[in-house]
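Novice: generate coordinates for the sequence data below:
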Amino acid sequence: MKRRELLLRSGILATSIILGCSEVKEEGNMEIYDGEPKINGGEPKVYVIKTDNRREGIEKLLKYFKIEELKGKTVAIKANYNSDDPFPASTHPDTLDAIAKELERVNAKAVLAERSGMGNTAAVLKNRGVFDILARHGFSAVDLEGHNRWVRIEAEHWKRGFLMADIFYESDCVIQTCCLKTHRFGGHFTLSLKNSVGMVARHAEGHDYMKELHTSEYQRYMIAEINIGYSPHVVILDAVQGFSKGGPESGEIINPGVILAGNDRVAVDAVGVAILRLFGTTPEVSNGPIFSQDQIKRAVQLGLGVSEPEEIDVVPVNDDATEICSEISSELVKRS
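Specialist: Model (predicted):
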């Protein structure tokens, strides 16, 4: 055995022992190992700031999430770069810049990882300015289309489990930022739970994971199940604008003018759905209690967050957010 191959295999074995993996499987240059679910419901508070200044707004929101504790830690950033389309289809440049600036300030070790669903990931990241933004703060990005190390996590509605990029599974923490959008391809809405799809492999072991997802009658349950693979330090939902219909790459624009932050994905997504309903949205998103929405219902079953809307505390960060926070709280508890 060549020395390089021996070192590689030794490294794989060491990682397997540390993580308690039962097996590391090599498929070409792809390594796949078994992992355990990481389920953490977070706190039921969702902080809301009324602003169109993302840099100032995100700086204020992150103060509620002990960002200083991330000093020296590895941080995986999951943004929303599903397609090569501007905000609200993709993460706004100022949002990414604000997050990266705060991580640089506390000397965190950050990397953004992404797999686009509607376009070439490398081209999307380049055209959306991601590489340049991260480079200004000393960080980098990983194109998951060419990634070679994945964690298999078993889930009820996935035929063979799903493969999550090791970057999200092994990092000290994950920061996610998503947009406010409906989804016309079966997801119904794409907020924090749905944004996690970009952490998962498209194709491996001769199996098309994304085809399985998008053709399944359990698509929305499967979306929620992806989220057992990690627990976020914080989720930032940029709802300065959003798509109330259409989506995910284009749609009918609305202007809520707010940014949300929380670490309970059920609470964050429930608040996001409430905002969509306040501004008028699709029948699929409008029908029934918010907690009867399939993504949210399955996430509750999995223990990913609050179990009922009354548990959610919608907190205005500035006076301008008080009115919409009151409206969101009322919308959350509606039963029809």
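Novice: residue contacts, Cys325?
Specialist: 48, 314-316 (CB atoms under 8 Å, 6 or more residues apart in numbering). C-betas here are computed from N, CA, C, even on glycine.
Novice: ok, 7 Å please
Specialist: By CB atoms under 7 Å, 6 or more residues apart in numbering, Cys325 lies in contact with 48, 314, 316.
Novice: where do the helices of the stretch 1-150 of the chain begin and end?
Specialist: 3-19, 54-62, 93-105, 121-127, 130-136 (DSSP state H, counting those that start in this stretch).
Novice: any idea of the mean pLDDT for the fourth one?
Specialist: Mean pLDDT, computed over helix 121-127, is 98.
Novice: check the longest one too.
Specialist: Along helix 3-19, the predicted local confidence has a mean pLDDT of 31.
Novice: and the helix or strand hosting Ser329, how far out from the chain middle?
Specialist: For Ser329, the element it lies in under DSSP states H and E is helix 322-332. Centre-to-centre, helix 322-332 and its host chain are 24 Å apart (CA atoms, centre = their mean, to the nearest Å).
Novice: what inclination does the longest strand along the chain have with respect to helix 322-332?
Specialist: Using DSSP state E, we find that the single longest strand of the chain is strand 232-246. Put simply, strand 232-246 runs at 80 degrees to helix 322-332, going by axes from the mean of the first three to the mean of the last three CA atoms, to 10 degrees.
Novice: in PDB, list the C-alpha atoms belonging to the helix holding Ser329.
Specialist: Extracted C-alpha coordinates of helix 322-332, given in PDB (Å, rounded to 0.1, in the frame of the first residue of the first chain):
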ATOM      1  CA  THR A 322     -44.200  45.700  18.100                       C
ATOM      2  CA  GLU A 323     -47.200  45.800  15.800                       C
ATOM      3  CA  ILE A 324     -46.200  43.000  13.500                       C
ATOM      4  CA  CYS A 325     -45.100  40.900  16.400                       C
ATOM      5  CA  SER A 326     -48.600  41.200  17.900                       C
ATOM      6  CA  GLU A 327     -50.100  40.300  14.500                       C
ATOM      7  CA  ILE A 328     -47.800  37.300  14.200                       C
ATOM      8  CA  SER A 329     -48.700  36.000  17.700                       C
ATOM      9  CA  SER A 330     -52.400  36.300  16.900                       C
ATOM     10  CA  GLU A 331     -52.000  34.400  13.600                       C
ATOM     11  CA  LEU A 332     -50.000  31.600  15.200                       C
END
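Novice: which one (most neighbours) among the contacts of Cys325?
Specialist: Among the contacts of Cys325, Val48 has the most neighbours (other CB atoms under 10 Å), with 28 neighbours.
Novice: got a list of what the closest residue to it other than its chain neighbours touches?
Specialist: Distance criterion CB to CB, 6 or more residues apart in numbering; nearest residue to Val48, sequence neighbours excluded, is Ala321 at 4.8 Å. Residues in contact with Ala321 (CB under 7 Å, 6+ apart) are 48-50, 258.
Novice: so which of the residues you listed belong to strands?
Specialist: Per DSSP E, strands hold the following members of the contacts of Ala321: 48-50, 258.
Novice: which pLDDT value does the model give the residue nearest to Val48?
Specialist: So Ala321 comes in at 98 (pLDDT).
Novice: what's the distance between it and Gly57?
Specialist: Distance of Ala321 to Gly57, computed by CB to CB, to the nearest Å: 10 Å.
Novice: what stretches of this protein score poorly on pLDDT?
Specialist: 1-28 (pLDDT under 70).
Novice: go again with 50.
Specialist: 1-25 (pLDDT under 50).
Novice: stretch 45-57: how far from the chain's middle?
Specialist: Here stretch 45-57 is found 18 Å from its chain centre; the criterion is CA atoms, centre = their mean.
Novice: can you start the count at 48 instead of 1 from here on
Specialist: Renumbered: residue one is now 48, and that last one reads stretch 92-104.
Novice: got the CA coordinates for it in PDB?
Specialist: Extracted in PDB, the C-alpha atoms of stretch 92-104 (Å, rounded to 0.1, in the frame of the first residue of the first chain):
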ATOM      1  CA  LYS A  92     -38.100  32.800  21.600                       C
ATOM      2  CA  VAL A  93     -38.100  34.300  18.100                       C
ATOM      3  CA  TYR A  94     -36.600  37.800  17.900                       C
ATOM      4  CA  VAL A  95     -38.000  40.200  15.300                       C
ATOM      5  CA  ILE A  96     -36.500  43.500  14.200                       C
ATOM      6  CA  LYS A  97     -38.200  45.900  11.900                       C
ATOM      7  CA  THR A  98     -35.500  47.300   9.600                       C
ATOM      8  CA  ASP A  99     -34.100  47.300   6.000                       C
ATOM      9  CA  ASN A 100     -30.600  47.800   7.300                       C
ATOM     10  CA  ARG A 101     -29.400  44.200   7.400                       C
ATOM     11  CA  ARG A 102     -26.000  44.900   8.800                       C
ATOM     12  CA  GLU A 103     -27.300  46.700  11.800                       C
ATOM     13  CA  GLY A 104     -30.300  44.500  12.300                       C
END
